[in-house]
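>>> Pasted the sequence and its predicted model underneath.
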Amino acid sequence: IRTNDKHHRSFVSDACGRLLCLTEWSWDDPVVRAGIRDCTVAFIVSENSWPSFMYENYKADANNLEHGLMKSRLLIMGFKAIFTSPSSANEVDGEAKVKTCVASIIGMRKVTPRVIVYAACQIWFALSSINSWRTVDGDFDYQIFWTSIIDFFEDAPGPAAQTRVNDLLEWWTRQAVVH
């Protein structure tokens, strides 16, 4: 991916397309790739499903769509680049050593749903081909995407789901916050 050229990102790029592809489809399927690239009705990429970049190892478990959700390396790297430091993003598996960072300056002691969704929106934008921020990018609406992620965390359907959400937020805090 060329850092100075957004025209070769989004679904034009296999690397970006694979990460933006919705989890119910396989980017490796040429019919899916062609359908997405040609914007056919059967393959509209919208904010109503989770993109692959949101999942651990960039793959969803069809039998348990929550498994690995919000645990991708890219999502953690994006968070760290924004809230700790760009250099700490490369240290996803270890503890970053930074003097001061946004998280420290704003007193972030734990990761919240809103900072995860902010990182997710920034990653979608970085992978997209649009050059300037706008609320809607083709068929993809960032506000609805934002709300869907917030709802996942804040409107958990029952105590068991809320426990899983709390565990996920604790996992995020361990992964991402500089102490």
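Sure thing, it's come through. As the structure is a prediction and not an experimental result, all values here were calculated from the model.
>>> all helices for this protein, in order.
14-20, 30-37, 73-83, 102-105, 113-127, 142-154, 159-176 (DSSP state H).
>>> Switch those helices over to TSV; also include distance to Trp50.
Bear in mind the C-beta positions are built from the backbone N, C-alpha and C, glycine included. Converted to TSV, the helices of the chain look like this (distance: least, C-beta to C-beta, whole Å):
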stretch	distance to Trp50
helix 14-20	11
helix 30-37	15
helix 73-83	11
helix 102-105	25
helix 113-127	10
helix 142-154	8
helix 159-176	14
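>>> Tell me which of the ones you listed sits nearest to Phe53.
Comparing the helices of the chain against Phe53 with C-beta to C-beta, the closest turns out to be helix 14-20 (4.0 Å).
>>> Quick one: distance of that closest one to the chain centre.
12 Å (C-alpha atoms, centre = their mean, to the nearest Å).
>>> Report the buried residues of it.
Neighbour counts over helix 14-20 (16 or more other C-beta atoms under 10 Å) mark Cys16, Gly17, Arg18, Leu19, Leu20 as buried.
>>> For it, name the packing helices and strands.
For helix 14-20, the packing partners by 3 or more C-beta pairs under 8 Å, 6 or more residues apart in numbering; DSSP states H and E come out as helix 30-37, helix 113-127.
>>> residues near the residue nearest to His67 when sequence neighbours are not counted, how many?
Spatial nearest neighbour of His67, excluding adjacent residues (C-beta to C-beta, 6 or more residues apart in numbering): Asp61 at 4.3 Å. Other residues within reach of Asp61, judged by other C-beta atoms under 10 Å, total 13.
>>> so how far is Ala156 from Asp61?
19 Å (C-beta to C-beta, to the nearest Å).
>>> ok, the residue nearest the centre of the chain - contacts?
Centroid-nearest residue in the chain: Ala120, 3.5 Å away (criterion: C-alpha atoms, centre = their mean). Neighbour list for Ala120: Phe53, Met54, Leu75, Gly78, Phe145, Ile149 [criterion: C-beta atoms under 8 Å, 6 or more residues apart in numbering].
>>> closest to Thr173 among those residues?
Thr173 lies nearest to Leu75 out of those, by C-beta to C-beta, at 14.1 Å.
>>> List the residues that contact the closest one.
Phe53, Met54, Ile116, Ala119, Ala120, Ile123.
>>> and of those, the nearest to Trp171?
Ile116 (11.1 Å).
>>> Could you double-check that that closest one sits in contact with Thr173?
No - using C-beta atoms under 8 Å, Ile116 makes no contact with Thr173, being 10.8 Å away.
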